[in-house]
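Asker: this one's sequence-less:
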């Protein structure tokens, strides 16, 4: 079996462990792969800290809460609660937001080289003067 990404492998392993052993894993906030000031002056340290430690952390936390609520509803066979959690998209929205933030922060590292970014800003400033 060929995996497109390590995330698909992780998803398969997590679901397999849950299915076979009843063990649930909590989602965790991944650390930034660079210093919060690494992208200055394009993205300020404060914005990166806010984005990572507040917004991204909230999505991860809300995803864990929604999964716990869903597991609790499943254990009680509370179909109404399970449907309401799915309909309100707590699970899928928080999962999507959490993963999109992880991807966004990782892609910043891969695509933006700080020196190149600073040079680009200087070039734009010089052209506009």
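Answerer: The structure has been received and is ready for your questions. As the structure is a prediction and not an experimental result, all values here were calculated from the model.
Asker: So residue 65: helix, strand or coil?
Answerer: Under DSSP: H, G, I helix; E, B strand; the rest coil, the three-state class of residue 65 is helix.
Asker: confidence score at it?
Answerer: pLDDT, residue 65: 84.
Asker: How about residue 45?
Answerer: At residue 45, the pLDDT value in this model is 91.
Asker: what's the answer for the one 4 residues further on, then?
Answerer: The per-residue pLDDT reported for residue 49 equals 90.
Asker: so which strand or helix has residue 46?
Answerer: Residue 46 is part of helix 45-50, with elements assigned from DSSP states H and E.
Asker: Now stretch 68-79: buried residues?
Answerer: Buried residues in stretch 68-79, counting neighbours by 16 or more other CB atoms under 10 Å, are found at 69-70, 73. Heads up, the C-betas are built off the backbone N, CA and C, glycines and all.
Asker: Tell me which of the residues you listed fall in helices.
Answerer: Judged by DSSP state H, the subset of those located in helices is 69-70, 73.
Asker: In these, which has the lowest confidence score?
Answerer: Ranking those by pLDDT puts residue 70 at the bottom, with 82.
Asker: so which strand or helix has the nearest residue to that residue once chain neighbours are set aside?
Answerer: Once flanking residues are discounted, residue 70 sits nearest to residue 85: 5.1 Å by CB to CB, 6 or more residues apart in numbering. Assigned by DSSP H and E, residue 85 belongs to helix 79-87.
Asker: I would like the residues contacting that helix, please.
Answerer: 66, 69-70, 72-74, 91 (CB atoms under 8 Å, 6 or more residues apart in numbering).
Asker: could you dump those to JSON lines with distance to residue 26?
Answerer: Written out in JSON lines, the entries for the contacts of helix 79-87 read as follows (distance: CB to CB, whole Å):
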{"residue": "66", "distance to residue 26": "12"}
{"residue": "69", "distance to residue 26": "13"}
{"residue": "70", "distance to residue 26": "13"}
{"residue": "72", "distance to residue 26": "14"}
{"residue": "73", "distance to residue 26": "18"}
{"residue": "74", "distance to residue 26": "17"}
{"residue": "91", "distance to residue 26": "14"}
